[in-house]
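Q: Give me the fold of what follows.
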Amino acid sequence: MSPADPPGPLDRLRALDPERYARRLAPAGAALCLLGLTLLLVGCLSRDEGLLVLGPFARAELVRAARRKWPPALWRASYAATAFALLGLVYLGVITVDPLGRRPTGIRLEAAAVVFFFLFVVTQFGYLAYLTVQLVAPVVAEEREAKRLDFLLVTDLRNREVLLGKAVGRLPQLLDPVLASLPILALLPLVGGVPPGFVLAAGLATFATVLGLAGVSFFCSIYSETGPKAVAAAVGVCFAYLGLGGLLCLLALLPSVWTFPSSLGVSSPVEVGDVVRAVNTGNLPAVAFDTARSVMLGAEPEPAVIRAARRYSLFQFGAFAVFGLLAVANLRRAAAGAPWGLKRPAAPAPADGPDAPANPRAARRLPVRPPVWAEPVTWYEMYRGPRPVISPDWRKEFGRYAVLGALMVPALYLMQLILPPSGPSGARMTIGMGVWGVAFGAVVGAAGRAAVAVAREREKDTLDALILTGLGCREILRQKRRGCVAALHGVFAGLLGAMAAGLLSLSLHPLAAAAVLLTTPVHVAFATSLGLFFSVRAKAAPVAVRNMALSVGPALVVVLVVLGAVVSAVGWWAGLPEQQLYIFLVAAAIPPAEIVLVGSAPPGTPLASGDLMAPMLAGTAVGTLIYGGLAVVLWRAAVRRFEREWEVRQ
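A: Down below sits the predicted model:
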């Protein structure tokens, strides 16, 4: 642009001083927000019924929650005990173990407070996100599943009363962990304290995430046929967004694409990188990575975290508004089977019948399952949820998933090139933890499927019909256990493919691969026994999953704290190195994560030293034996409980 040309609109916008108009625009924006909220409440005002926002469902949900078998005070006490145990574990780990040398007590106390706050925020964030989807996603789908939705919609209740009323009635269950953990957080100033900006950013981001997930859950609930399908749809939408945003971040590897159109010599205020950052504003891993990179480049940590939390929260608030308004506007349309519904058209007649479809490709796209074999319960558990995507022959699917697992290794390597620390050293450690993550996913998936195996039959009133088959209670549980493991054949195939690619590319240590192969079957057996143990005691599948999650986490933390205190006492009395004792304890509790990380570390680094390898190998061996024994004990307990119910029903 020559000096004689008049300035364009973009140039005039860049020339504006934001601080000059901030004091005028900020109060005006706040006034507009209050005006919009007032108009919205006035629109919900009825002359006869008053303010119609929540409807009668809020009180009904609160009454139903108050009539639970276990009182809410018990769950609050368990939350507080878990948070206190986590604080004690972090205190022991940071204060007792000091790998960097002797530091002043005040600095170590402050480090303990920051580490605990970070672990607590991450744990509570994940738990609240999980609980939000589990509570909000079925609000409409469960009514449709129980055949009550049509009767509900013929009343004069507004769509917002149905959705918001049921959601607000379940809000206290979300507030339980938050309120119960406040007394524990009040102890942090005694051990160094946490910067107020971090607390504000964590609270704002968590609250915004809960609202964003609630809006997505509303939208998925009105188009899903059952509660579990609504939960699966909401989780799928969230993970699809996270995965798409992560793939777009890989464009940073191509500078010519990332800086387009500036890379072509065209002056533009908006580039592809700016668009990718805007799309990833609600992607928490991407936001955390950008914030960490800006801090590493010299930015102040507290203001950078607050700015990132503000942008992230605005995105989540917008997601809640968009998806929530769409759900409110389309509730009755979805109930009537209008477009956007997830109902599939009726399947055409078989290809060899008189009414065969004219298009043979449509017939090939129909879901096909293999024939039932000699173990019908195993077949049902294997194919009741996911249908064969590639072929009804599980061997062909096994090969396809193995190829996908092998492709994970180069993908992780490419991703590590843009993440600190970049290079082959960081790639080896990332690939090692990725392989362990697939194995851990198989363990969690087996536990989740086993937890709903029996409770789902009881919830659907099909347990009596299953008992009348004459298979026997022990045989039914055995086949369900096999089916829960066989349903994860794709995960196991991906694990084998990833390990093979890691070994061939010299990115995975043979000792780490051997540890995964030897310990994963034991952990999967323990997970299925644990899931069946809670499943035979629950009346519904969500109750079994909730009881398992709320029992295993606190129990593991308490055991680690107690064993940590015992190990500290034994090490002090016997004069043994405390660091190796703690490594042995952690490796026994969570095998083989440490051995995979150490086995994948580059030679010559502190992680690859022999001083750490020996206690990790010993801890992995001891932990595998303990989990194997627990698998046998839990299996026998589940069989005994199911046998007692068997005798009562017969």
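
Q: can I assume Lys480 is in contact with Ala450?
A: Yes - contact criterion Cβ atoms under 8 Å: Lys480 and Ala450 qualify, at 7.3 Å. Using the backbone N, CA and C atoms, a C-beta is placed for each residue, glycine as well.

Q: Between those two, which contacts overlap?
A: Listed as contacting both Lys480 and Ala450 by Cβ atoms under 8 Å, 6 or more residues apart in numbering are Leu532.

Q: so where does the nearest residue to Leu188 once chain neighbours are set aside fall, helix or strand?
A: Distance criterion Cβ to Cβ, 6 or more residues apart in numbering; nearest residue to Leu188, sequence neighbours excluded, is Ala113 at 5.0 Å. Ala113 is located in helix 105-136, with elements delineated by DSSP states H and E.

Q: Show me what that helix packs onto, helices and strands only.
A: helix 72-96, helix 171-185, helix 196-222, helix 227-249 (3 or more Cβ pairs under 8 Å, 6 or more residues apart in numbering; DSSP states H and E).

Q: could you point out the longest helix in this protein?
A: helix 610-649 (DSSP state H).

Q: Now it: average pLDDT?
A: Helix 610-649 shows a mean pLDDT of 82.

Q: which helices and strands does that helix pack with?
A: Using 3+ Cβ pairs under 8 Å, 6+ apart as the test, helix 610-649 ends up in contact with helix 463-467, helix 473-486, helix 510-535, helix 578-589, helix 593-599.

Q: Please identify which of the ones you listed is closest to Leu131.
A: helix 510-535 (17.3 Å; Cβ to Cβ).

Q: buried residues in that closest one?
A: By neighbour count on 16 or more other Cβ atoms under 10 Å, the buried set for helix 510-535 is 512-513, 515-516, 519-520, 522-535.

Q: Could you measure from Ser78 over to Ala202?
A: Note on Ser78: its distance to Ala202, by Cβ to Cβ, to the nearest Å, is 22 Å.

Q: thinking again about what came up before, output the helices and strands packed on helix 105-136 as JSON lines; include the columns mean neighbour count, distance to Phe151 and mean pLDDT.
A: Output for those, formatted as JSON lines (neighbours: other Cβ atoms under 10 Å; distance: least, Cβ to Cβ, whole Å; pLDDT from 0 to 100):
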{"stretch": "helix 72-96", "mean neighbour count": "18", "distance to Phe151": "30", "mean pLDDT": "74"}
{"stretch": "helix 171-185", "mean neighbour count": "16", "distance to Phe151": "25", "mean pLDDT": "79"}
{"stretch": "helix 196-222", "mean neighbour count": "22", "distance to Phe151": "16", "mean pLDDT": "89"}
{"stretch": "helix 227-249", "mean neighbour count": "18", "distance to Phe151": "18", "mean pLDDT": "87"}
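
Q: Please give the number of neighbouring residues around the closest residue to Cys249 other than its chain neighbours.
A: The shortest distance from Cys249 to any non-neighbouring residue, by Cβ to Cβ, 6+ apart, is to Ala286 (5.9 Å). Neighbours of Ala286 under the rule other Cβ atoms under 10 Å: 20.

Q: Same question for Val122.
A: Val122 has 11 neighbours, counted by other Cβ under 10 Å.

Q: now do Ala278
A: Ala278 has 12 nearby residues by other Cβ under 10 Å.

Q: Repeat that for Met433.
A: So Met433, with other Cβ under 10 Å, has 15 neighbours.

Q: Shouldn't it be within a helix?
A: Yes - under DSSP: H, G, I helix; E, B strand; the rest coil, Met433 sits within a helix.

Q: What is the subsequent helix or strand relative to the helix or strand of the chain with the lowest mean pLDDT?
A: Scoring the helices and strands of the chain by mean pLDDT, DSSP states H and E places helix 360-364 at the bottom, with a mean of 45. Following helix 360-364 in sequence order, the next helix or strand is helix 376-383 (DSSP H and E).

Q: Check the contact between Glu61 and Pro172; I expect there is one.
A: No - with contact defined as Cβ under 8 Å, Glu61 does not count as touching Pro172 (9.0 Å).

Q: picking up where we left off before, in CSV, list the helices and strands packed on helix 105-136 along with distance to Val154.
A: Converted to CSV, those look like this (distance: least, Cβ to Cβ, whole Å):
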stretch, distance to Val154
helix 72-96, 34
helix 171-185, 27
helix 196-222, 16
helix 227-249, 22
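
Q: Figure out which of those is closest to Gln134.
A: helix 227-249 (6.2 Å).

Q: Give me the angle between the closest one and helix 105-136.
A: 130 degrees (axes from the mean of the first three to the mean of the last three Cα atoms, to 10 degrees).

Q: and helix 227-249, how far from the chain's centre?
A: 10 Å (Cα atoms, centre = their mean, to the nearest Å).

Q: How about the helix or strand just after that helix, which residues are buried there?
A: Next along the chain after helix 227-249, taking DSSP H and E as the criterion, comes helix 255-258. Residues Trp258 are the ones in helix 255-258 that count as buried (16+ other Cβ under 10 Å).

Q: Could you list the residues in contact with helix 255-258?
A: Residues from elsewhere that reach helix 255-258, judged by Cβ under 8 Å, 6+ apart: 251-252, 263, 271-273, 276.

Q: quick one: low-confidence parts of the stretch 251-400 of the chain?
A: 336-373, 384-395 (pLDDT under 70).

Q: run the last query once more with 50
A: 338-367, 389-390 (pLDDT under 50).

Q: what's the answer for the stretch 51-200 of the chain, then?
A: Ranges of the stretch 51-200 of the chain meeting pLDDT under 50: 99-101.

Q: Could you rerun that using 70?
A: For the stretch 51-200 of the chain, applying pLDDT under 70 flags the ranges 51-55, 66-73, 93-107, 190-193.
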